[in-house]
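Colleague: sequence and computational prediction follow.
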Amino acid sequence: MPRTPFLAGNWKMYKTGAEAVSFIEAAKPLLAGITGREAAVAVPFTAIAEAARAASGTGILIGAQNVHWEREGAYTGEISTGMVKAAGASFVILGHSERRQFFGDTDEWVAKKLQAVLEASLVPVVCVGETLAQRESGDTFRILASQLKGSLAGLNAERAAPLVVAYEPVWAIGTGKTATAVQAQEVHAFLRAELATLLGEKTASATRLLYGGSVKPDNVKSLLSEADIDGALVGGAALKPDSFAQIVKFDS
Ligand code: PEP
């Protein structure tokens, strides 16, 4: 089964609801009639409802950038899967390196969030990636194997169908440094082999693996032409409708 390319923006802590609506209104005509891929944006919690209303009927998926694993409770400042789903989100980014680095998200937390996201019938986008120091010390593959195994702990093949994994080398996020297509492909092939060990060949070959880290309109095509790169997770270049649209239209 071919894997449908998934082109997702991650807006981080940018844009109000009104700004999200303007973005979608501007992106709509640029993406009209585009088929054979999924276009998505993970927006701040406060923009999900307005963005989802504006995106209704356009095919643009709206997602969240994080969730808590509990359904509800005394967790001041947290947001549940039910809340983001009711607001209109259909996917959730989990374990982004900024969450891991600044907010203490661990593989164990990501695994708990993953269960909650699947329970809510949302699509999880689980992020893994090595730091520059880890790459330079030759630890890339060991770190990625451990992050993937820890983040997917408790997942079995029966429930893994919606899973999306994003490889985001930390040294390439927001730095302007992109992994070369060859470097990214090498890691993606490794991650797919690890997925096969964890969840079986069938799940591994069906799971979409995204690359993230300074993806831009001018490098997306070469990245996505690699056999195991099935899409992109894009920060900075997904904040403007025209560059987002160019990324979604990577093959045109
Ligand atoms: C990201 O936020 O996941 C990301 C990859 O950011 P950027 O594209 O800006 O490097």
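Modeller: On my side now, so go ahead.
Colleague: can you map out the strands along the stretch 151-252 of the chain?
Modeller: 164-167, 208-212, 231-234 (DSSP state E, counting those that start in this stretch).
Colleague: can you list the residues of the stretch 151-252 of the chain near the ligand?
Modeller: Proximity of the stretch 151-252 of the chain to the ligand (CB under 6 Å from any ligand atom) is limited to residues Glu168, Ile173, Gly174, Gly212, Gly213, Ser214, Val215, Leu233, Val234, Gly235, Gly236, Ala237. Glycine gets a C-beta too; all of them are placed from N, C-alpha and C.
Colleague: up against the ligand, what does the stretch 1-150 of the chain have?
Modeller: Asn10, Lys12.
Colleague: is the residue of the stretch 1-150 of the chain found nearest the ligand bridged to anything, and to what?
Modeller: Across the stretch 1-150 of the chain, the shortest distance to the ligand (CB to the nearest ligand atom) belongs to Asn10, at 4.1 Å. For Asn10, the beta-bridge partners are Ala42 (DSSP bridges).
Colleague: pretty sure it is touching Gly235, no?
Modeller: Yes - look at Asn10 against Gly235 with CB atoms under 8 Å: they come within range, at 5.2 Å.
Colleague: joint contacts of the two?
Modeller: Common neighbours of Asn10 and Gly235, using CB atoms under 8 Å, 6 or more residues apart in numbering, are Gly212.
Colleague: between these two, which one's more packed in?
Modeller: Per other CB atoms under 10 Å, whichever of Asn10 and Gly235 has more neighbours is Asn10, with 26 against 21.
Colleague: in contact with the residue in the chain that the ligand sits nearest to, which residues?
Modeller: Per CB to the nearest ligand atom, Gly235 is where the chain lies closest to the ligand, at 2.3 Å. Residues near Gly235 by CB under 8 Å, 6+ apart: Gly9, Asn10, Trp11, Lys12, Ile173, Gly174, Gly212.
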